[in-house]
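Participant: Coordinates only, no sequence provided:
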């Protein structure tokens with residue numbers, strides 16, 4: 001996906017690098033695959049803010065994306081579309097009986113391409129297969145953790161994982177973070193790399209584009225009052241006054257381990273932090 005570099009015709013255009021959307025083949029989404037998406041402003045069911053700096057933004061509708069790929073019959077790619085809810089592109093596919101679904105579009109996905117799902121599929125970009133059927137060295141995305149639950153790993157723009165080995169009912173996968181993890185070989189994965197590779201090279205250029213995405217401004221803790229942040233207070237520009245940085249609630253930040261799901265520690269052969 002090529003990028004568009006703007007000239008400095010105004011302060012908001014200066015240093016702006018945006019997508020040119022040449023890979024998009026359809027402008028309007030499929031109405032039958034849309035669902036309402038309400039704004040929550042970072043609040044939970046009790047009305048309390050649990051995620052800061054969220055609010056506003058452009059109105060969106062959720063695209064119902066099929067991460068499970070249960071159907072094993074052939075489908076045809078109808079279009080490549082933009083999804084405001086994710087960084088990757090999505091593809092509209094149609095099965096032989098006329099049913100339509102959205103899937104995460106792999107890189108180099110073409111309109112009119114035929115795709116399959118299941119153990120009888122061949123090794124073509126966009127086909128979903130069980131990990132036990134995928135040879136070592138293959139690049140995959142949209143990987144399940146629990147069989148039948150749908151893909152949960154490697155779904156963002158440009159992400160890709162690699163099959164490293166098969167051993168005693170598990171498949172060793174190298175994730176984009178560098179983590180080496182064993183996953184049950186009855187889980188599914190999709191062949192190929194996720195689309196929109198140049199997403200990481202974009203530059204917003206102005207604060208307003210962040211507001212369009214529903215992200216409100218945030219300031220440094222050191223410029224707050226001591227009642228609002230542990231780093232706050234002091235005269236003029238002063239240090240944080242502690243050995244390491246902390247969150248607004250006084251917990252260690254920047255390097256502190258927050259992993260809670262320790263039940264699967266035995267499935268991780270190499271952590272991403274190693």
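Facilitator: Done, it's in. What you see is a predicted model, and the numbers here were worked out from it, not measured in a lab. Numbers count the residues shown, from 1 in each chain.

Participant: Neighbours of the closest residue to residue 64 other than its chain neighbours, how many?
Facilitator: Distances taken as CB to CB, 6 or more residues apart in numbering place residue 33 nearest to residue 64, at 4.7 Å, with adjacent residues excluded. (Glycine included, C-beta is placed from N, CA and C.) For residue 33, the neighbour count with other CB atoms under 10 Å is 17.

Participant: just checking, residue 33 touches residue 66?
Facilitator: No. Counting by CB atoms under 8 Å, residue 33 sits too far from residue 66 to count as a contact (9.2 Å).

Participant: tell me, what's touching these two both at once?
Facilitator: 101, 102 (CB atoms under 8 Å, 6 or more residues apart in numbering).

Participant: which residues of the stretch 101-250 of the chain fall in strands?
Facilitator: Secondary structure of the stretch 101-250 of the chain (DSSP state E, counting those that start in this stretch): strands at 114-115, 128-130, 139-141, 143-144, 151-153, 161-167, 170-174, 180-184, 188-191.

Participant: Can you say which of these is nearest to residue 77?
Facilitator: With CB to CB, the closest approach to residue 77 among these belongs to strand 114-115: 6.8 Å.

Participant: what's near enough to touch residue 179?
Facilitator: 268, 270, 271, 272.

Participant: give me the number of residues near residue 195?
Facilitator: Using other CB under 10 Å, residue 195 is surrounded by 23 other residues.

Participant: What's the per-residue pLDDT of it here?
Facilitator: Looking at residue 195, its pLDDT stands at 95.

Participant: Would you map the helices across the stretch 151-274 of the chain?
Facilitator: Ranges of helices within the stretch 151-274 of the chain are 207-212, based on DSSP state H, counting those that start in this stretch.

Participant: on that earlier part again, now list the buried members of the contacts of residue 179.
Facilitator: Not one of these meets the buried threshold, by 16 or more other CB atoms under 10 Å.

Participant: Closest one to residue 40 out of these, please.
Facilitator: residue 272 (29.4 Å).

Participant: any idea how far residue 86 is from that closest one?
Facilitator: 22 Å (CB to CB, to the nearest Å).

Participant: picking that back up, deepest in the core, which of the strands of the stretch 101-250 of the chain is it.
Facilitator: Neighbour counts (mean count of other CB atoms under 10 Å) averaged over each of the strands of the stretch 101-250 of the chain peak at strand 188-191, with a mean of 26.

Participant: Name every strand pairing with that strand and say which way it goes.
Facilitator: Paired neighbours of strand 188-191 in the sheet (DSSP bridges): strand 128-130 (antiparallel), strand 139-141 (antiparallel).

Participant: Can you add mean pLDDT and distance to residue 42 and give the ones you listed back as TSV?
Facilitator: Formatted as TSV, the strands paired with strand 188-191 follow (pLDDT from 0 to 100; distance: least, CB to CB, whole Å):
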stretch	mean pLDDT	distance to residue 42
strand 128-130	95	34
strand 139-141	97	29
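
Participant: Which among the ones you listed is found nearest to residue 50?
Facilitator: strand 139-141 (29.3 Å).

Participant: contacting residues around the closest one?
Facilitator: Contacts of strand 139-141 (CB under 8 Å, 6+ apart): 104, 106, 134, 151, 154-155, 159-163, 173, 189-194.

Participant: what residues go with each domain of this structure?
Facilitator: 3-200, 222-262 (automatic domain parsing).
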